[in-house]
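Novice: Sharing a model prediction with you, sequence too.
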Number of protein chains: 2
Amino acid sequence: MTFKEKLIGAARKNNSWLCVGLDPDLSQIPEHLGHDIDAILKFNRAVIEATCDLVCAYKPNGAFYESLGSQGWELLIETAKSIPENIPLILDFKRGDIGNTAKMYARSAFEIIGADAVTVSPYMGTDSFQPFLDYVDKGVFVLCLTSNPSAFELQKKIVLLENPPSAEWMTPQAKARTFAEFFGASTTDLYLLVASLVPEWNKNDNVGLVVGATVVSELEAVRKKVGGEIPILIPGVGAQGGDLERSVDAGSNGRAELAIINIARGVIYAGGQEKNFRQKIRAAAENYRAQIMDAATRKIKYSAGR
Amino acid sequence: MTFKEKLIGAARKNNSWLCVGLDPDLSQIPEHLGHDIDAILKFNRAVIEATCDLVCAYKPNGAFYESLGSQGWELLIETAKSIPENIPLILDFKRGDIGNTAKMYARSAFEIIGADAVTVSPYMGTDSFQPFLDYVDKGVFVLCLTSNPSAFELQKKIVLLENPPSAEWMTPQAKARTFAEFFGASTTDLYLLVASLVPEWNKNDNVGLVVGATVVSELEAVRKKVGGEIPILIPGVGAQGGDLERSVDAGSNGRAELAIINIARGVIYAGGQEKNFRQKIRAAAENYRAQIMDAATRKIKYSAGR
């Protein structure tokens, strides 16, 4: 079974496009679970047990495990094992490196940790994550537009789709004219350039994109660019302030699918320090799922009414 | 002592701008050392012992350790401990993530592994590696231009330095005219845009750049852009085919310093399967050091003669 089949299968079975971010911080988990790595594993398992019929995927972020040293990697592997077989695990670790090195990262994610999908960074170009793409049954989410405040610095720069020929010898004025005359409006934002490369990467039908929920019109532009068959992983709803309903609407395809809404803190810390934190976590996940699926249903109705 | 002081101190003491990449692959290390993780630690220690008076830094790439699971992280920590106190450790792991997550990665690199410097990816923008910059005594090398074949896809795209105002409502023709009239030649390659952001990042004098040795004129352009005080980490010489002498010339500043030439396979596998692999590794490092410092000396003479 491919990642995409597993993802869609889980989403349909659980009627949910909610992905729960497993980003446990020892300073925020219930104290009565303890204060060591075992407490985090207990916490992750509690979150999974409380939500595994309410989600389409889990997304642990590698940083939260790495920061615990080698025990953190054991924790990540044990957490992965605790996720039911039918729910995909998206390892958010934003890697990318030269070929022989990227191969090592892919081995780490898919063979050691057992992830069903990963996130990668596009800055180094295709070959820096080709070894991930070569695992045909695994998913690869490429960072497109991220939800952090500094994302604009590079991602929203306007780029020329093709570099003008032999521009070196030209005067600035001539260069400017060439840009205008030869390339006209053949410009795009860098993040949309990334989106436009998806068909090249998607030969195994295993590519997705990461697009933050902070500006909905941009999410819309990406969905339009990549068409309806590409999963979009959407962080930034909840603690980071993105608009849930409009994100679902903008990110999903014509069938109200493939918009994976990731929520971490809003679900996993919903129980605070309380004894019944499991119920609170479940209630939070149920609430988010309802909001997401309501928005998705409205979208279907709206589309059908067009 | 800051990272930069430690780096310059080691380079001057050992008269070397050679950095050895500690990227051990179990399938390539001498078989007589064994076939488990301990064998890799023995190998790393042998490399360090054979070269620690010949280098300015060591650069382990995280992928080679991660791919060994949690034991790999122990291996990385033990390897870090085996490096003499006066030689800086640059952890090449190309991270970057939203603020609270980047903090975790910084903690992992600087506090658990004990790295003196790291590499980070610029795609998500400043806040995705600000937590690294906040460690004032540690170094942060931002990916600028990498040495892999696909680097051109994003890094060499031409970008507008400033986005034109309210371009949304304009026709393509009007857009093109605006680009030409208002912005003229205010364009740059994406990797040079990254280089131009260095002054903003460098408030603690702890920023460097990663610039591959594959096209020397581009390395030259980056050095010109950032001035003489920024360390440039230069991979891609050796196994990847970059020209060593011209890279030293283009990458170093007016004092023939701060061009860190990284060689991994060309040094660490120089001994093949031989019993005396230590001597072969040392000889390879001596040879690379001589080439680097010869080129540097010629550069000084050449500069003085101008």
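Specialist: Structure's in. What do you need? A quick note: this is a predicted structure, and the numbers were derived from the prediction, not measured.
Novice: So for stretch A:37-44, mean pLDDT?
Specialist: Confidence for stretch A:37-44, expressed as mean pLDDT, is 97.
Novice: Residue A:236: neighbour count?
Specialist: Using other CB atoms under 10 Å in any protein chain shown, the number of residues around residue A:236 comes to 26. C-beta coordinates here come from the backbone N, C-alpha and C atoms, glycine included.
Novice: ok, for it, nearest residue in space, not its chain neighbours?
Specialist: Leaving aside its sequence neighbours, residue A:236 sits nearest to residue A:147 (CB to CB, 6 or more residues apart in numbering or on different chains; 3.0 Å).
Novice: which SS class is the one you found?
Specialist: Using DSSP: H, G, I helix; E, B strand; the rest coil, the structure places residue A:147 in coil.
Novice: what's the burial count for it?
Specialist: 21.
Novice: Verify the stated contact: it with residue A:238.
Specialist: No: look at residue A:147 against residue A:238 with CB atoms under 8 Å: they stay out of range, at 10.5 Å.
Novice: what ranges do the strands span in the stretch 101-250 of chain A?
Specialist: According to DSSP state E, counting those that start in this stretch, the stretch 101-250 of chain A carries its strands in the segments A:117-120, A:139-145, A:158-160, A:187-189, A:207-211, A:232-234.
Novice: Check which helices and strands the longest helix along chain A is in contact with.
Specialist: In chain A, with assignment by DSSP state H, the single longest helix is helix A:277-305. The contact analysis (3 or more CB pairs under 8 Å, 6 or more residues apart in numbering or on different chains; DSSP states H and E) places helix A:277-305 against strand A:18-22, helix A:37-51, helix A:244-251, strand A:259-263, helix A:265-268.
Novice: So what touches the fourth one?
Specialist: Outside of strand A:259-263, the residues within contact range by CB atoms under 8 Å, 6 or more residues apart in numbering or on different chains are A:7, A:17-21, A:56-57, A:59, A:90, A:208, A:213, A:231-235, A:237-238, A:244, A:247-248, A:250-253, A:288, A:292, A:296.
Novice: Could I get the CA-only coordinates of that strand as PDB?
Specialist: Output of strand A:259-263 as PDB, limited to C-alpha atoms (Å, rounded to 0.1, in the frame of the first residue of the first chain):
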ATOM      1  CA  ALA A 259      -5.900  19.000   3.000                       C
ATOM      2  CA  ILE A 260      -4.100  17.700   6.000                       C
ATOM      3  CA  ILE A 261      -4.700  20.000   8.900                       C
ATOM      4  CA  ASN A 262      -1.900  19.600  11.500                       C
ATOM      5  CA  ILE A 263      -2.600  20.700  15.100                       C
END
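Novice: Adjacent strands (with direction) for it?
Specialist: strand A:18-22 (parallel), strand A:232-234 (parallel) (DSSP bridges).
Novice: Report the mean confidence score over the longest helix of chain A.
Specialist: Mean predicted confidence for helix A:277-305 is 86.
Novice: centre of the chain versus it, how much separation?
Specialist: Computed by CA atoms, centre = their mean, to the nearest Å, the chain-centroid distance of helix A:277-305 equals 18 Å.
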